[in-house]
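Chemist: Mind looking at a prediction? Sequence and model below.
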There are 2 protein chains.
Amino acid sequence: MLRSHHCGELRLENRGQIVRLAGWVQATRNLGGLTFIDLRDRYGITQIAFNMDDRAALCEKARKCGREFVIQVTGIVAERSSKNPNRPTGDIEIIATELTILNASKVPPFTIEDDTDGGEDIRMKYRYLDIRRNPVKNKIMFRHQVAWHTRHFMNSRDFLEIETPYLIKSTPEGARDFVVPSRMNPGQWYALPQSPQTFKQILMVGGMDKYFQIVRCFRDEDLRADRQPEFTQIDCEMAFVEREDILNTFEELMQYLFKEILNIDLGSFPRMSYDEAMENYGNDKPDLRFEMKFISPDNLRGKGFQVIDQSECIRGIVVKGIESVFTNKEINDLTEWVKRPQIGAKGMIYIKYSTEGVKSSISKFYTEAELLDIAQTHQAAKGDVILILTGRKSDVLKQLSELRLEVARRYHLIPPDSFKPLWVLDFPLHEWNEDEQRFFAMHHPFTSPIPEDMHKMNSDDHHVIASIRAAAYDLVINGTELGGGSIRIHDRTLQSRNFELLGFSAEEAERQFGFILGAFEYGAPPHGGIAFGLDRVCAVMQGSTTIRDYIAFPKNNMGRDMMIDAPSEIDNKQLKELGLIK
Amino acid sequence: MLRSHHCGELRLENRGQIVRLAGWVQATRNLGGLTFIDLRDRYGITQIAFNMDDRAALCEKARKCGREFVIQVTGIVAERSSKNPNRPTGDIEIIATELTILNASKVPPFTIEDDTDGGEDIRMKYRYLDIRRNPVKNKIMFRHQVAWHTRHFMNSRDFLEIETPYLIKSTPEGARDFVVPSRMNPGQWYALPQSPQTFKQILMVGGMDKYFQIVRCFRDEDLRADRQPEFTQIDCEMAFVEREDILNTFEELMQYLFKEILNIDLGSFPRMSYDEAMENYGNDKPDLRFEMKFISPDNLRGKGFQVIDQSECIRGIVVKGIESVFTNKEINDLTEWVKRPQIGAKGMIYIKYSTEGVKSSISKFYTEAELLDIAQTHQAAKGDVILILTGRKSDVLKQLSELRLEVARRYHLIPPDSFKPLWVLDFPLHEWNEDEQRFFAMHHPFTSPIPEDMHKMNSDDHHVIASIRAAAYDLVINGTELGGGSIRIHDRTLQSRNFELLGFSAEEAERQFGFILGAFEYGAPPHGGIAFGLDRVCAVMQGSTTIRDYIAFPKNNMGRDMMIDAPSEIDNKQLKELGLIK
């Protein structure tokens, strides 16, 4: 070993020991008689002291070590005269007796500090320097913890981690596949898996009964912010279970992760149906760190105000205690905000309820008594503000959901360090797609209806089909969907019927999914599962708004790896071998 | 849960309990008054008894359950009158009171037994049925154990599991890449990694210091038996280490795995240089479960026997104690075996040493005293046989290595259940390729020379270059290479020189590996690593000769997944989106 200890390890107890450290030069300070180097590695920073009087040559050498030089130092652990209480090693320093420069460094293109001066692009290009910074390093280390504790929990529950193939078959249903030409089978292609969905179901048919895998998945989609073409899933499946068993098992996994890693008790997770979530929060992943359930101030109707009376839907939120700061400027700002094309509301009605009475953007059309009645009907108290949107129901729910989140952020209504988990249940099985004039699976085509709605599967009535609820569930924490899953269909006839409802011909279903339909004929057990986005779990646990830094080597919004410069052109020889050019 | 217990769990202590089991019908036996079902799941088999007198309808229903039906049974645990000592649950049975058929099954195309009647192809097509068989199921479960304990060890040693990207850049050096067209960057391609080599080195430059990952790797090579286009590596890298540190760390990993999983003490691993291995065993992964070091019977020379005198190389092995079974038929068989084109020897000389003296295929050319002298010089005792091959040295070493292994197998000279680990060290850095008239990296282009040979790197002499030894090492157990690695180059100048020796132009090196050359300029620490083939580790630990069944969904020799029928044709729409057709 080139070191006896690491740079986060030495304490006063080690005083007098001869030690050897190795790491990167964080900073050099030349104070004349003494020169200090802050030596950094993954574990921390230790101060090295070079004494000009005792060892002039060594001290000269130390002064030449620039930022990010890699050095090895031998010396004696000594108590510091001026201690640094902000650093675990701050009570000691190493009085150097030897110094070896293991590798020099050019001046890095940005500072290796918690707050760096480097922009996104340059940090991505020099990712190896970015990773040396605490904010990135700590996230990558945190991700290791989450993966490790997940595996620990799953192993303790008799789950087997089983690897599934990465070179599989392309299935046009769902997102777009990345594909891989087969050299040995010219004209044929593999696809990279969007998830191991069919394989984990096949494992259930194979009797493996409790499966999990932390596995890479691939989707060739246009990248929105914070989406990656490759991402990692905690993928799980169980046989001989009902929905309740899955919810309990993975509620326990999440409780375990929060307890082990953050020492936080999540408590038991409340549950909410999809319909309830949509009606009350306009959103299938409501953030429950703050309340602001939607209200329906329908008593505004029938007073002659056209905007209200002609509106399909009127919904509002009561924002607690912001009345005093809800100035005209704020009102204008927020109104502009809801009118932005990304939100798309036509306007925003407010009712301010203060000790002086009510003030509102619609005072022209309503008496103060009428407005007061609205406020009181919906449990608004003095100091509160009611915000109301109107229009088509689907628009209003979406817009008001966004407004609710924006108001919470803007007026600091989100308690810090709080975690509010939620199971959302009973999603619709199918979604109608107007463009393609057919149903799409809301979760995926292998999702089972809930037992109560099973009888509707043979209906020919569009409305009956649309009302079928799926045995699907999402786990939401703080408004982020961490994962989702479902009880699967395990009956061949039911699966065929579902493909039919999704517009597959029998031939097409057979061509794409023949192997799983076939598997259902040889003793498929009842089964279900769930998958979590590992990056999202990490980000939510640390209250981070982006997943990118949990990924050691992320790609940018064009799917490019800026460091290695990929994708890139390949040799014609390669294309010829693949039969793609002559 | 659809069950209260699993099928491997119940014992006499559970007598009288009401339990619910679910699983697959292994067999149904109708004995008239009683019908028995052997119910199977991942954990074992439990006998279920249906009594015709007490519950006629239930019994009738049980009789209709065919093989591989999925059923749920409720009943009472009872002591069996005739116990089955070969089964952990063999003392009890369940007296059934309820039976639910969860799913029917067609008659499977092969028997779900340890010894099945199904051929390879049909078992691959119906892999979900094959996985239900103990030999496959147990291997997949064993693999989970190996991966789990590996992670446990690595985590306890402060290694971080860090994921590296799967969509990377194609580099023609090495094996052939699988490539992935980029839709967002038309005309450009990703490659799937043959290993995370450069990324793990970048992580060392990034200060991550102890990295590991159990990771999929991809090689588009023509598939020999027991090679897969995708395979899993235990991939590791450490910074601030010397070769000795890597050897010690991973020797401990292997000792840990064997102890934890098999309760076997491997002891400390002997070491051997590449030259020693080639000279003594003709092989860089010698199987040390048996001795038979090569001998050089050069005292056969100069006696007028042309074949010997004109031969560049004479090498032999002393095979202990087989003289009495080494009949003329055996001699002919083995001679035919070495003359097969796969081995390619021109013939085989033998010297049998018995109580009656020596008998040999070359008695015509040598006196008995001369042959006896050969035998005794090489520590042959009465009862031993010496086998000798002659020819060009490189041929003889290879052929005799094969013969040594074949003789060991043929005459049962391999002690069962023994494990002989070995580190092979000091591989050549480069190998000369006659066809391309250039050096290739024997390990990979990032491998460092050993310190003693560092000065040779700047030589222009072909022979000096060829003599450079690499700081590379392979871990061999029982003649199988489980893994290998090296201390890497961390100096930009040295790395550039190595690319130059490998025939890269400066531009080409920059184009392909510019990012790592660049990284070496910003404080790259000394580092090195190793990678193990997970499948091979599993197979060697269990004395299995094939890796295929450790992989849940393997591909055949044409790279096809027989179950899902991949690769396959894809839609023209997909090819158009990728810009591959108009």
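Modeler: The structure has been received and is ready for your questions. This structure is a prediction, so every number in the text was calculated from the model and none was measured.
Chemist: Now do the buried residues in stretch A:559-576.
Modeler: Using 16 or more other CB atoms under 10 Å in any protein chain shown as the test for burial, stretch A:559-576 gives A:559-564, A:566-568, A:570, A:574-575. For every residue, glycine as well, the C-beta is placed using N, CA and C.
Chemist: Equivalent analysis for stretch A:125-141, please.
Modeler: Residues of stretch A:125-141 classed as buried by neighbour count (16+ other CB under 10 Å): A:125-133, A:136-137, A:139-140.
Chemist: Between its first and last residues, how far does it reach?
Modeler: 21 Å (CA to CA, to the nearest Å).
Chemist: count of neighbours near A:S156?
Modeler: A count of nearby residues for A:S156, using other CB atoms under 10 Å in any protein chain shown, gives 9.
Chemist: Show me what the top helix by length along chain A is packed against.
Modeler: Identified as the longest helix of chain A according to DSSP state H is helix A:134-156. Secondary-structure packing of helix A:134-156 (3 or more CB pairs under 8 Å, 6 or more residues apart in numbering or on different chains; DSSP states H and E): strand A:160-161, strand A:210-218, helix A:243-257, helix A:534-541, helix B:134-156, strand B:160-161.
Chemist: Now do that helix against helix B:134-156, angle only.
Modeler: With axes from the mean of the first three to the mean of the last three CA atoms, to 10 degrees applied, the angle from helix A:134-156 to helix B:134-156 works out at 140 degrees.
Chemist: now the angle between helix A:243-257 and helix A:134-156, please.
Modeler: If you take the same axes, to 10 degrees, helix A:134-156 sits at 130 degrees to helix A:243-257.
Chemist: Dump the buried residues of stretch A:125-141 into a markdown table; add pLDDT as well.
Modeler: A markdown table is the format used below for the buried residues of stretch A:125-141 (pLDDT from 0 to 100):
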| residue | pLDDT |
| --- | --- |
| A:K125 | 96 |
| A:Y126 | 97 |
| A:R127 | 97 |
| A:Y128 | 97 |
| A:L129 | 97 |
| A:D130 | 97 |
| A:I131 | 97 |
| A:R132 | 97 |
| A:R133 | 97 |
| A:V136 | 96 |
| A:K137 | 97 |
| A:K139 | 97 |
| A:I140 | 98 |
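Chemist: would a markdown table of these with distance to B:I450 be doable?
Modeler: Formatted as a markdown table, these follow (distance: CB to CB, whole Å):
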| residue | distance to B:I450 |
| --- | --- |
| A:K125 | 34 |
| A:Y126 | 31 |
| A:R127 | 31 |
| A:Y128 | 26 |
| A:L129 | 30 |
| A:D130 | 33 |
| A:I131 | 30 |
| A:R132 | 29 |
| A:R133 | 35 |
| A:V136 | 35 |
| A:K137 | 32 |
| A:K139 | 38 |
| A:I140 | 32 |
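Chemist: Taking those residues, tell me the two that lie furthest apart.
Modeler: Distances among these were taken as CB to CB; the most separated pair is A:K125 and A:K139, at 18.9 Å.
Chemist: Tell me where chain A is predicted with low confidence.
Modeler: Within chain A, the stretches with pLDDT under 70 are A:173.
Chemist: Pull the contacting residues for A:W432.
Modeler: Shown in contact with A:W432 (CB atoms under 8 Å, 6 or more residues apart in numbering or on different chains): A:438-440, A:462, A:466.
Chemist: And for A:K83, the neighbour number?
Modeler: A:K83, neighbours per other CB under 10 Å, totals 13.
Chemist: scratch that, A:V358
Modeler: By other CB under 10 Å, the burial measure for A:V358, its neighbour count, is 23.
Chemist: Okay, now the sheet partners of the helix or strand containing it, with direction.
Modeler: When elements are assigned from DSSP states H and E, A:V358 belongs to strand A:357-360. The pairing partners recorded for strand A:357-360 under DSSP bridges are strand A:349-354 (antiparallel).
Chemist: Any buried residues in the partner strand, and which?
Modeler: Judged by neighbour count using 16+ other CB under 10 Å, the buried positions of strand A:349-354 are A:349-353.
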